[in-house]
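> This is a predicted model, with the sequence first.
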Amino acid sequence: MKMEEQEKTKTTEKKIWLPVVIAFLFLCIIVWLDELIGLPGILIGGPKTSPNWREALEETIVIVAVGLFALFKLIRAINKRRHAEEELRQHQEHLEEMVRMAERSGCRVEIVDHNDVLMSFGGVGALLRYHMPA
């Protein structure tokens, strides 16, 4: 089951960053088409210009630099999300184990959505009741 979850996560993450990579590659292609075939001249009937290889190279370097920065930030955010999801899953498993232990010992368990007093104790509390013999 764990392996299936990892594959699903990788597929989802790929769906996030792959379009960004494709968009930046598309921008690079547009820059080179502009220089090689005079794209503005074809699209809007402007004057034909000679290719300026230096300008195209400079524009490509800027696009790649911005693309790498964006991809780095995106992958970092994906990793942070993955870490937060794993931490949440571990906390949930820990909570479920505490509930099972309490129920096995015959305790009644009540889940409270939010309570400032309980949150000051880390979000877990217990009220113990003992029958005192007279």
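Looks like it came in fine.
> Next SSE downstream of the longest helix anywhere in the chain?
The longest helix of the chain (DSSP state H) is helix 53-104. Following helix 53-104 in sequence order, the next helix or strand is helix 116-120 (DSSP states H and E).
> For the residue nearest in space to the middle of the chain, give me its contacts.
In the chain, the centroid-proximal residue (C-alpha atoms, centre = their mean) is Ile78; its distance is 2.8 Å. Residues near Ile78 by C-beta atoms under 8 Å, 6 or more residues apart in numbering: Glu13, Ile16, Trp17. In short, each C-beta sits where N, CA and C put it, glycine included.
> again with Ile111
By C-beta under 8 Å, 6+ apart, the contact set of Ile111 is Val99.
> Please tell me how far it sits from Leu95.
9 Å (C-beta to C-beta, to the nearest Å).
> again with Phe72
35 Å.
> repeat for Val62
Val62 is 49 Å from Leu95, by C-beta to C-beta.
> Low-confidence stretches in the protein?
Within the chain, the segments meeting pLDDT under 70 span 1-3, 5-6, 122-123, 126-132, 134.
> List the buried residues in the strand or helix carrying Ala23.
Using DSSP H and E, Ala23 falls within helix 2-37. For helix 2-37, a neighbour-count test (16 or more other C-beta atoms under 10 Å) marks Glu13, Phe24, Leu27, Cys28, Val31, Trp32, Asp34, Glu35 as buried.
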